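Colleague: All I have is the shape, not the residue letters:
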């Protein structure tokens with residue numbers, strides 16, 4: 001499985017198309033605009049840009065057609081569009097008119113019960129424009145700067161409108177009752193069949209009142225809202241809401257679903273259980289070194305690889321880092337000596353198939369640590385026993401406390417505390433007991449139960465007590481299990497395979513096509529399934545699935561997989577997106593109520609405060625829009641407080657800057673949790689209790705997951 005790559009989410013659009021200011025290239029050396037003739041001359045004389053070929057002109061024409069009509073609404077094949085582009089001398093307006101005039105609304109449409117509207121079509125079906133609509137929208141975006149060829153074509157169009165022959169004659173259109181506008185007997189007959197000229201005039205007026213407001217260069221972006229002002233006053237569709245066509249698609253057939261579900265619930269003798277385990281702790285606690293040595297002792301890393309790492313580490317003056325380099329594979333990580341990304345590897349115990357998630361410990365990379373921990377079923381908290389090192393991580397500036405709180409807040413309930421570097425203190429039992437007493441009390445107060453909390457003394461560098469124990473100084477007072485034996489004693493995680501399919505995306509890359517990496521949170525899916533990607537709302541088909549580096553036919557809840565997709569553009573999926581069942585999509589919202597628990601605060605949380613919300617793999621700016629009350633024992637003790645202090649439970653309302661995918665905590669826990677951070681500090685953890693965004697999509701996980709009406713912040 002690929003390593004997680006956490007880059008800032010990019011919006012793939014061209015601001016040039018929306019900028020009213022002229023570009024630098026539109027001006028001459030004295031700052032005056034170029035004339036068309038000068039531009040043509042400069043274009044031909046300049047050797048920097050080649051002249052446009054037939055293929056460039058065809059692609060530009062098709063791109064403008066897609067921008068006007070929408071790619072999903074054009075049923076003509078690519079070859080047909082190329083032929084039309086050449087037929088009309090690359091004029092996108094002529095091609096659009098030809099496409100719009102080629103659709104008819106005959107008796108078959110009336111037999112089907114009439115038109116369901118622009119947003120009620122089946123996927124892949126022919127898009128029939130509303131009656132009276134004879135051309136593209138008036139405010140169609142211009143996606144290409146006029147070139148010399150466009151100037152010539154404009155002259156030809158003007159000549160054609162005046163009765164000249166500068167442009168080719170349009171091909172005969174397929175006429176229908178509502179698209180024939182002739183004034184002769186045939187035109188009158190068709191108008192009569194369609195309900196009269198008054199009906200056509202009304203429909204034409206209705207369509208002219210349809211306007212698109214906002215940015216139109218990339219309507220798939222969650223940060224851009226499209227509002228349709230219809231004359232009937234109908235509610236506008238939410239950005240990112242899956243089209244009605246996507247909801248009518250089935251992820252898989254009922255027969256296939258029943259067969260896979262029965263297979264997943266069947267317990268196969270001798271089959272190992274899959275489990276995700278994250279390694280957390282303060283920077284320089286020895287996390288990567290310890291787990292790299294575990295992989296080596298377990299036979300999952302060869303001696304040749306360790307020898308090569310050891311040789312390279314000595315050349316760089318980092319001789320003790322050779323085991324850490326098993327997981328830290330980025331050049332920057334090796335140069336700096338710290339983990340930056342969440343490294344993924346695989347391990348097997350007698351009972352489990354474990355996906356290792358090595359999280360970074362530096363405070364600058366806590367968002368990456370949250371991403372890794374949100375995917376975990378259990379965790380190993382690594383603390384150093386060396387003098388001053390444990391105290392450094394335990395301090396307010398250290399990450400030991402924060403990592404433990406984050407792990408519990410993100411749903412990790414089983415924890416092993418690996419007291420590392422015990423060889424440095426000569427396996428001192430008193431030092432081990434002191435750390436256990438100090439850390440154990442804090443972890444219990446943080447919500448970890450004593451029966452799910454274990455302490456194990458180890459040495460990641462020497463390998464003692466990782467998979468075997470032989471040090472006399474240790475065996476003199478410790479007779480408990482080794483680290484790997486203790487991992488095998490974890491309780492198996494519960495998998496929600498009965499719930500609707502959800503896969504959170506943590507990586508997007510190119511490998512045999514567009515591929516994504518992520519974790520299946522609930523449900524299951526298989527090769528060939530039809531899915532919808534939210535919050536963008538585009539449909540796709542599963543081409544292949546890789547689990548633990550091997551091709552598989554299906555995967556279920558809990559699996560970290562790489563998936564290759566067909567039928568979707570890279571601009572329509574990003575880190576933080578969710579692939580889901582088209583019939584039961586995930587909620588897409590920008591406003592919700594939540595119950596939060598605050599941690600250590602420098603200043604109280606107040607209404608209107610800006611925060612950074614972390615949920616699964618997504619980091620999204622947010623704002624506290626309302627403080628509804630401070631809670632105690634599940635009830636509101638103080639309503640509408642002015643501020644929330646530290647270590648208090650409160651009911652608040654949060655609004656995000658863009659649409660996010662989420663679920664109610666009572667329905668799908670992993671998608672109902674989030675963390676709030678401010679200025680590099682984690683200030684609160686929360687659970688989503690209610691959606692108050694009226695544009696949230698309706699998920700059918702349960703009846704309680706429907707959106708409530710929007711409420712104003714008090």
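Modeller: Perfect, thanks for sending it. Here the structure is a predicted model, which is why all the values come from computation and not from measurement.

Colleague: what about the helices in the stretch 401-550 of the chain?
Modeller: Taking DSSP state H, counting those that start in this stretch, the helices of the stretch 401-550 of the chain run over residues 429-445, 472-475, 483-487.

Colleague: for the ones you listed, which one sits closest to residue 83?
Modeller: helix 483-487 (62.7 Å; CB to CB). Glycine gets a C-beta too; all of them are placed from N, C-alpha and C.

Colleague: Mind listing residues that contact the closest one?
Modeller: Residues outside helix 483-487 that contact it (CB atoms under 8 Å, 6 or more residues apart in numbering): 277, 294, 298, 349, 352, 354, 380, 416, 418, 454, 456, 458, 465-467, 480.

Colleague: Got a PyMOL select line for the buried ones in the residues you listed?
Modeller: Burial among the contacts of helix 483-487 is assessed by 16 or more other CB atoms under 10 Å; the matching PyMOL selection reads:
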select buried, resi 277+294+349+352+354+380+416+418+454+456+458+465+466+467
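
Colleague: and the helices of the stretch 401-550 of the chain, which is most packed in?
Modeller: Of all the helices of the stretch 401-550 of the chain, helix 483-487 has the most neighbours on average by mean count of other CB atoms under 10 Å, namely a mean of 20.

Colleague: could I get the helices of the stretch 401-550 of the chain as JSON lines with mean pLDDT and distance to residue 70?
Modeller: JSON lines is the format used below for the helices of the stretch 401-550 of the chain (pLDDT from 0 to 100; distance: least, CB to CB, whole Å):
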{"stretch": "helix 429-445", "mean pLDDT": "92", "distance to residue 70": "54"}
{"stretch": "helix 472-475", "mean pLDDT": "92", "distance to residue 70": "68"}
{"stretch": "helix 483-487", "mean pLDDT": "94", "distance to residue 70": "52"}
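
Colleague: Just want the phi and psi numbers for residue 631.
Modeller: Residue 631 has phi and psi values of phi -110, psi 150 when expressed as degrees, to the nearest 10.

Colleague: do the same with residue 257
Modeller: Per degrees, to the nearest 10, the backbone of residue 257 is at phi -60, psi -50.

Colleague: dump the residue contacts of it.
Modeller: Shown in contact with residue 257 (CB under 8 Å, 6+ apart): residue 251.

Colleague: Let me have the helices of the stretch 401-550 of the chain in CSV, adding distance to residue 560 as columns.
Modeller: Listed next are those as CSV, based on distance: least, CB to CB, whole Å:
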stretch, distance to residue 560
helix 429-445, 26
helix 472-475, 34
helix 483-487, 17
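
Colleague: Can you say which of these is nearest to residue 102?
Modeller: helix 483-487 (64.3 Å).

Colleague: So for residue 653, which of the helices of the stretch 401-550 of the chain sits nearest?
Modeller: Taking CB to CB, helix 429-445 is the member of those nearest to residue 653, at 28.5 Å.

Colleague: Who are the packing partners of the closest one?
Modeller: Counting contacts by 3 or more CB pairs under 8 Å, 6 or more residues apart in numbering; DSSP states H and E, helix 429-445 is packed against helix 389-394, helix 400-409, strand 415-420, strand 453-457.

Colleague: Nearest to residue 544 among the contacts of helix 483-487?
Modeller: Set against residue 544, the nearest of the contacts of helix 483-487 by CB to CB is residue 354 (23.7 Å).

Colleague: Is that closest one bridged to anything, and to what?
Modeller: Counting by DSSP bridges, residue 354 is bridged to residue 275, residue 347.

Colleague: Would you confirm that it contacts residue 344?
Modeller: No. Here residue 354 lies out of contact with residue 344, judged by CB atoms under 8 Å, at a distance of 11.1 Å.

Colleague: Next, give phi and psi for residue 622.
Modeller: phi -150, psi 170.

Colleague: do the same with residue 641
Modeller: Backbone torsions for residue 641, taken as degrees, to the nearest 10, come to phi -70, psi 160.

Colleague: so it touches residue 624, yeah?
Modeller: No. Judged on CB under 8 Å, residue 641 makes no contact with residue 624 at a distance of 11.6 Å.

Colleague: For residue 637, find the nearest of the helices of the stretch 401-550 of the chain.
Modeller: Of all the helices of the stretch 401-550 of the chain, it is helix 429-445 that lies closest to residue 637, at 20.9 Å by CB to CB.

Colleague: Next, the angle strand 453-457 makes with the closest one.
Modeller: Angular relation of helix 429-445 and strand 453-457 on a 0 to 180 degree scale: 160 degrees, by axes from the mean of the first three to the mean of the last three CA atoms, to 10 degrees.

Colleague: Could you say which helix or strand holds residue 310?
Modeller: Using DSSP states H and E, residue 310 sits within helix 303-315.

Colleague: repeat for residue 675
Modeller: Per DSSP H and E: strand 673-678 holds residue 675.

Colleague: Could you give the average pLDDT over that strand?
Modeller: The average pLDDT for strand 673-678 rounds to 93.

Colleague: Can you tell me which helices and strands it packs against?
Modeller: Partner elements for strand 673-678 (3+ CB pairs under 8 Å, 6+ apart): helix 366-373, helix 400-409, strand 610-615, strand 681-691.

Colleague: That one pairs with which strands?
Modeller: Taking DSSP bridges as the criterion, strand 673-678 forms sheet pairs with strand 610-615 (antiparallel), strand 681-691 (antiparallel).

Colleague: was I right about residue 324 contacting residue 292?
Modeller: Yes. Residue 324 lies in contact with residue 292 (CB under 8 Å); the separation is 5.6 Å.

Colleague: Report the angle between the strand holding residue 675 and helix 366-373.
Modeller: With the same axes, to 10 degrees defining the directions, strand 673-678 sits at 170 degrees from helix 366-373.

Colleague: Could you dump the helices and strands packed on strand 673-678 into CSV with mean pLDDT, mean neighbour count and distance to residue 513 added?
Modeller: Putting the helices and strands packed on strand 673-678 into CSV (pLDDT from 0 to 100; neighbours: other CB atoms under 10 Å; distance: least, CB to CB, whole Å) gives the following:
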stretch, mean pLDDT, mean neighbour count, distance to residue 513
helix 366-373, 88, 24, 24
helix 400-409, 91, 23, 35
strand 610-615, 93, 20, 28
strand 681-691, 93, 21, 34
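
Colleague: closest one to residue 572 among those?
Modeller: When those are compared by CB to CB, strand 610-615 sits nearest residue 572, at 20.2 Å.

Colleague: got any ranges where the stretch 1-150 of the chain has weak pLDDT?
Modeller: Applying pLDDT under 70 to the stretch 1-150 of the chain flags residues 1-51, 103-150.

Colleague: ok so, going back, which one of the helices and strands packed on helix 429-445 lies nearest to residue 370?
Modeller: Residue 370 sits nearest to helix 400-409 of all the helices and strands packed on helix 429-445, at 6.1 Å, using CB to CB.

Colleague: Who are the packing partners of the closest one?
Modeller: Short answer (3+ CB pairs under 8 Å, 6+ apart): helix 400-409 packs on strand 273-280, helix 366-373, strand 378-384, helix 389-394, helix 429-445, strand 673-678, strand 681-691.
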